[in-house]
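S.K.: here is the input, now give the coordinates:
(chains A and B)
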Amino acid sequence: MTFPATGTGVAELWEELAARIAAGDRFGGLFAAVRSPHSGDAGAEAAVVLSAHVAAGAGIDTMEVALPPGVASYPALTPLVGAAFWYERVIHDEFGVVSLGHPRLAPLVLHGSPEDHALPRNVAGYGMFTIPHGPVRSGVMESIEYLVETPGEAIPHLNMRVFYKHRGVEKRFAGMSAADGVLLAERTEGIASVAHALAYCHAIERMAGCVPPEPAGLVRVLHAELERIANHVDVAAKLADAAGLAVAAARFAFHKERVLRLVSGLCGSRFGRGVVVPGGVSALPRMSPGAILAEFGRLEKAMMADADSLMATSSFLDRLRTTGPLPPARAREHGALGPIGKASGFSADARTERPYDAYPSLGMPPVRAHETGDALARLAVRWDETVQSFDLLRQAAGGLASKAAGELAGTAGGAGATVATCEPVAGRAVGWAEAPQGEVLYDVTLEDGRISRCHPRSASFHNLVLMHEVFAGDILTDFPFIEASFGLSVAGVAL
Amino acid sequence: MSLWALRGLRNGVVTTKWPKRADDYADGWRGPVIVRSRDVAEPGGLSDLCPTGAISAGEDAQARAVRLDQGRCILCGRCAEARPDVFAWSAGATGPDAAALTRDGLLVPHLPENDETVGVVRARLRERTAALRRSLHVRHVDCGSDGSEEWEVLALLGPVYDVHRLGVFFTASPRHADILLVTGAGSAGMAGPLRTTYEAMPDPRVVIAAGTDAVSGGLLSVGLNSVGLNSDSATARGGVSGIVPVDVWVPGSPPSPFGILNALLIAVGRIGDGAKGTQ
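M.R.: Okay, here's the model as predicted:
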């Protein structure tokens, strides 16, 4: 990881960043922080510091530049790197810093202000109107407002107001102890609790230079992959429900409940909360590896049989095929994460690019390549990943079983087997983990054992902006399919 | 073309029999922490065990009394692990610790003076909801949740919990709703929409705060952690009770589907609210 000197100008840094992305690196987000002057520096003023993350091979590089004191504007990154579109709007809302040349610096976090019109109209034309949908929507859903511009059927333009449920998570992190921070990370994007806890702990462990014991790595994989399966089967249930396949929706809801019950059987929480701690895991699974393996077998058989049936139900496939296509070129340009990127031929996966915990020692079965980028391809990717996850689960449980017979026997119940000493060390580090939605990044700064800044970047935030672009030729009734096929969580967007 | 109707028969009936019969999964659930012994020789340091400040010890006139606010408990279990002699998990997702009719009812050990209040609150709620018993329409609003609460509410519509069998339906329109089921810590952006939804509901209406976030703000609430660095009240607030009047309080981070179902039935008096106060 590199934190270059902050003397470089903003424009120069952006050009370097754009060149790196053109050369194959992936944009990992942009955020701002206020750096207070050290108490010793007389006359120094607070300055806004911009940090950009770049996923480059085996690591995440951080490129940083400080604006001169008193300066509240800089040349925008978005014209060079389109993926910075939302990131710069957030910086504008939260810090009042203007990115000059940004194509649309409208409020994103602070919507509802007087200049934010009730029903924006971006497309002019005969009979055009805007349908506001949300934030209180039909069904049990997270709060988000879609503003659908339509002449009645087609959707030429979509606007989103995503920050209704903004909770101030990032601010809440500041001042927490390193040990408490993981609890908040688990509640940042609740349906990806394990991935967020992992990314957070990886950052803390990187600073402390601590390596979790081997069994802990296996337990982490166990929970991370179960979380992935639960999320993917949830997407399948929602898609089946959108297509009116009541039995299929009920079947997948049943499988999801079985997964959540298995997770609660392993650790007491249906979302794997409390398992991942800095330095390892809090405890070994409460079920024996043999019982876990048997349940995996039953689950996979039942789930994949229903998945095969779903993928052979033509009335269902017709609704997904060519629906909400994301062109591969856009996926690559944006650095689309997780299943959304993979469905469009852009395969970013932290588990293979920057493997962590037990992943390096486990064989990752390859998955098929997809190029079509439609809702059907996104579902196909999720099924491929589910099969892959079951394979990883069996390897991890098998690893735990052989460990249980050997070294764990001597330390049964002892903390040493599952958690390494991880005293917080002051510094700054980036941690990552592959959530079901894609790669999660945590940029954590510790001072005196407490968090002075923690910036989570969820895959949901990075990917959701792409929903603007996938309505080519799709109509109002395609909306639920497109939304469900993205499989994102609003909580991860509006932190 | 697959024969989904036949596939649907594969696992037989998977639906729970609760509340008619006990459910093993519900009974095996670990609920919010309870206080095992309220008089502790050394109460010092007990309150530091809790990341949300739910534990108070040795601060009031009853010098050594340990008290725990289940409305702030996020089920991390740190206190029960560090001091098993003082704290323990409550048992069951539908037990007496699963829901309360007053905010104070979530304080354990229970305040005797609260029993009378609960009795009055319960009688009033029964009176209000007398017409709702058999058929219930629920409107859910997310007011700044972490997303997991929605999964647990959604599970109620799945085959395992299947609330339709109990006459419970989720409705899109608040004008058809009897119960407002609120999740999340009460974000500033959702305060207006939540209030509007509540006002659109016809009387009688009941509000359920589902989850520790909705009850108190949980880990997100400001100014209650030992470090007072967070004074920004513009984002997350201390629960939803400042926006709409809450009738049933359900702790849990997130609460289990059984816990939410339990609260729905308690709200209309179809089951009792456990041992909290006199029945």
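S.K.: quick one: the helices in the stretch 151-300 of chain A?
M.R.: Counting by DSSP state H, counting those that start in this stretch, the stretch 151-300 of chain A has helices at residues A:169-173, A:178-186, A:193-208, A:214-242, A:246-267, A:289-310.
S.K.: for the shortest one, packing partners?
M.R.: Think helix A:169-173. helix A:178-186, strand A:450-457 (3 or more Cβ pairs under 8 Å, 6 or more residues apart in numbering or on different chains; DSSP states H and E). Glycine gets a C-beta too; all of them are placed from N, C-alpha and C.
S.K.: report the buried residues of it.
M.R.: A:169-173 (16 or more other Cβ atoms under 10 Å in any protein chain shown).
S.K.: all strands of chain B, in order?
M.R.: B:30-35, B:55-57, B:66-69, B:87-91, B:107-108, B:136-142, B:168-170, B:179-183, B:206-210, B:248-250 (DSSP state E).
S.K.: out of the ones you listed, which gets nearest to A:Glu15?
M.R.: A:Glu15 lies closest to strand B:136-142 among the strands of chain B, at 41.7 Å (Cβ to Cβ).
S.K.: so which of the strands of chain B is nearest A:Glu300?
M.R.: Comparing the strands of chain B by Cβ to Cβ, strand B:30-35 comes nearest, at 27.6 Å.
S.K.: and that closest one, what does it pack onto?
M.R.: strand B:66-69, strand B:87-91.
S.K.: 10 Å instead?
M.R.: strand B:55-57, strand B:66-69, helix B:78-82, strand B:87-91, strand B:107-108, helix B:257-267 (3 or more Cβ pairs under 10 Å, 6 or more residues apart in numbering or on different chains; DSSP states H and E).
S.K.: next one: phi and psi at B:Ala54?
M.R.: phi -80, psi -20 (degrees, to the nearest 10).
S.K.: my read: it touches B:Asp48, true?
M.R.: No: assessed by Cβ atoms under 10 Å, B:Ala54 is found out of contact with B:Asp48, at 11.6 Å.
S.K.: okay, these two: which has more neighbours?
M.R.: B:Ala54 (27 against 14; other Cβ atoms under 10 Å in any protein chain shown).
S.K.: so chain A: which segments form each domain?
M.R.: Per the record, chain A has its domains at A:10-100, A:110-165, A:169-488, by automatic domain parsing.
S.K.: from one end of the second one to the other, what's the distance?
M.R.: One end of domain A:110-165 sits 11 Å from the other (Cα to Cα, to the nearest Å).
S.K.: circling back: got any residues that touch both of B:Ala54 and B:Asp48?
M.R.: Contact criterion Cβ atoms under 10 Å, 6 or more residues apart in numbering or on different chains; residues bridging B:Ala54 and B:Asp48 by contacting each: B:Cys79.
S.K.: relative to B:Gly31, how far out is the closest residue to B:Cys50 other than its chain neighbours?
M.R.: Spatial nearest neighbour of B:Cys50, excluding adjacent residues (Cβ to Cβ, 6 or more residues apart in numbering or on different chains): B:Cys79 at 5.9 Å. Going from B:Cys79 to B:Gly31 by Cβ to Cβ, to the nearest Å gives 14 Å.
S.K.: what's the answer for A:Ala291, then?
M.R.: Taking Cβ to Cβ, one finds A:Ala291 at 24 Å from B:Gly31.
S.K.: what's the answer for A:Leu67, then?
M.R.: From A:Leu67 over to B:Gly31 (counting by Cβ to Cβ), the distance is 50 Å.
S.K.: more neighbours: which of the two?
M.R.: Set A:Leu67 next to B:Gly31 and count neighbours by other Cβ under 10 Å: B:Gly31 wins out with 25 against 19.
S.K.: tell me the pLDDT of residue 68.
M.R.: No chain specified, so I'll use chain A. What the model reports for A:Pro68 is a pLDDT of 86.
S.K.: let me rephrase: I mean chain B.
M.R.: 89.
S.K.: equivalent analysis for B:Arg64, please.
M.R.: Taking B:Arg64 on its own, its pLDDT is 60.
S.K.: and for B:Ser2?
M.R.: Reported pLDDT for B:Ser2: 67.
S.K.: any buried residues in the longest helix anywhere in chain B, and which?
M.R.: Ranked by residue count and defined by DSSP state H, the top helix of chain B is helix B:112-128. For helix B:112-128, a neighbour-count test (16+ other Cβ under 10 Å) marks B:114, B:118, B:121-122, B:125, B:128 as buried.
S.K.: cool, and stretch A:138-157?
M.R.: A:140-150, A:155, A:157.
S.K.: quick one: average pLDDT of that stretch?
M.R.: 91.
S.K.: what is the longest helix along chain A packed up against?
M.R.: If you go by DSSP H, chain A has its longest helix at helix A:375-405. Contact here means 3+ Cβ pairs under 10 Å, 6+ apart; on that basis helix A:375-405 packs against helix A:214-242, helix A:289-310, helix A:314-320, helix A:338-343, helix A:407-410, helix A:479-486.
S.K.: centre of the chain to the fourth one, how far?
M.R.: Meaning helix A:338-343. The gap between where helix A:338-343 is centred and where its chain is centred comes out at 12 Å by Cα atoms, centre = their mean, to the nearest Å.
S.K.: that helix vs chain B: in contact?
M.R.: No: judged by Cβ under 10 Å from any Cβ of the partner chain, helix A:338-343 stays clear of chain B, getting no closer than 15.7 Å.
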